[in-house]
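Student: A structural model of the following input is requested.
(one chain, ligands or ions: 1)
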Amino acid sequence: MKKIKNISYEQFASSSELPTDEQELLSAAMKATENAYAPYSEFFVGAAVALANGEVILGNNQENGAFPSGLCAERTALFSVGAAGKSSLIRKIAIRAHSARFKMDQAVGPCGACRQVMIEYERLSGEPMVVLLQGESGDIIRLVGVNENLLPFTFDLVNLKK
Ligand code: THU
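Tutor: Residues are numbered from 1 along each chain as shown. This next block holds a predicted model:
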């Protein structure tokens, strides 16, 4: 049997335990929920991506009456970074959410499709991505490396080339 590797993450009860830039990134992700367009789910998600040059790029979920046409907050933000030609600068992402229907006091994990997109942008950046997850309140999950700790056994581009 080969060695089994566990994923690793940290859990914080308060953002004050985090460095200032990460506290600000979490606030930016919550602010980003204000522009979410989510009349169908009433679930408002915000993502804030920190770049190596200090810029913060925001995204939020954008729904559509033809349901599959909408897009999650994480991909809206990361595609926006890609569209600006700045993928190599991606370092951190904060993701937060709140609902009009219930109190969201748990961290929200990105959906599978977003994880797959996150891992590809992580590869493009060449640096392990710091991921921060939080609801409107409650504990914060912090992990380093989408490949290492958010999407093990990922579909890899090398599989297309063999
Ligand atoms: N949503 C996100 O924005 N990110 C995720 O990772 C999961 C779900 C959005 C999609 C949809 O607008 C709403 O949340 C409910 O699924």
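Student: Just want the phi and psi numbers for Asn60.
Tutor: Dihedral pair for Asn60: phi -150, psi 160, per degrees, to the nearest 10.
Student: residues in contact with the residue nearest to Gly145 when sequence neighbours are not counted?
Tutor: Leaving out its chain neighbours, the residue that sits closest to Gly145 by Cβ to Cβ, 6 or more residues apart in numbering is Pro128, at 3.8 Å. No exception for glycine: its C-beta is placed from N, CA and C like everyone else's. Going by Cβ atoms under 8 Å, 6 or more residues apart in numbering, Pro128 touches Glu122, Val144, Gly145, Val146, Asn147, Glu148.
Student: again with Ala113
Tutor: Cys72, Arg75.
Student: Go again with 10 Å.
Tutor: Residues in contact with Ala113 (Cβ atoms under 10 Å, 6 or more residues apart in numbering) are Leu71, Cys72, Glu74, Arg75.
Student: TSV for the contacts of Pro128, including pLDDT and secondary structure?
Tutor: Formatted as TSV, the contacts of Pro128 follow (pLDDT from 0 to 100; DSSP: H, G, I helix; E, B strand; the rest coil):
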residue	pLDDT	secondary structure
Glu122	98	helix
Val144	98	strand
Gly145	98	coil
Val146	98	helix
Asn147	95	helix
Glu148	95	helix
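Student: Filter those down to just the buried residues.
Tutor: If you count burial by 16 or more other Cβ atoms under 10 Å, the buried members of those come out as Glu122, Val144, Gly145, Val146, Asn147.
Student: Go ahead and confirm the last one touches Ser125.
Tutor: Okay, so that is Asn147. No: the criterion here is Cβ atoms under 10 Å, and Asn147 misses it with Ser125 at 11.5 Å.
Student: now Leu160: how far from the ligand?
Tutor: Distance of Leu160 to the ligand, given as Cβ to the nearest ligand atom, to the nearest Å: 25 Å.
Student: now Cys114
Tutor: Per Cβ to the nearest ligand atom, Cys114 is found 5 Å from the ligand.
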